[in-house]
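Undergrad: quick check, what structure comes out for this input:
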Amino acid sequence: MFKKEDRYLVVKRKDIEAFLSDEQLVALDDICNTINYYRGLRGQIKSVVVEHDWPEYNIVWKMIEDRCNAISNS
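TA: Next up, the predicted model:
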């Protein structure tokens, strides 16, 4: 059976701008640049984020669950 995992950290740009101090913005920028540099050496991650209050949220989770269950049952 498919089990949801907490594998990614997603930070909304709107929240970054609203809630972080100038010092925190500089620190986050430095952290992101470091991660992006090393990620670039290994290959970029491309993803889709669907927020829980979007009507597609449950549909997308069901699609992922069905695909993962099909793989594990083959």
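Undergrad: hey, let's count contacts and neighbours off CA atoms from now on
TA: Will do.
Undergrad: pull out the buried residues from the strand or helix carrying residue 71.
TA: Here residue 71 sits within helix 57-72, counting by DSSP states H and E. Neighbour-count burial for helix 57-72, counted by 16 or more other CA atoms under 10 Å, picks out residue 65.
Undergrad: change the start of the numbering to 691 and stick with it
TA: In the new numbering, first residue 691, that becomes helix 747-762.
Undergrad: helices or strands up against it?
TA: Other elements packing on helix 747-762 under the criterion 3 or more CA pairs under 8 Å, 6 or more residues apart in numbering; DSSP states H and E are absent; no helix or strand qualifies.
Undergrad: which residues sit against that helix?
TA: Where contact means CA atoms under 8 Å, 6 or more residues apart in numbering, the residues beyond helix 747-762 that reach it are 691-692, 740-742.
Undergrad: quick one: which two of the residues you listed are the most distant?
TA: Pairwise distances among those were taken by CA to CA; the largest, 23.3 Å, belongs to 691 and 741.
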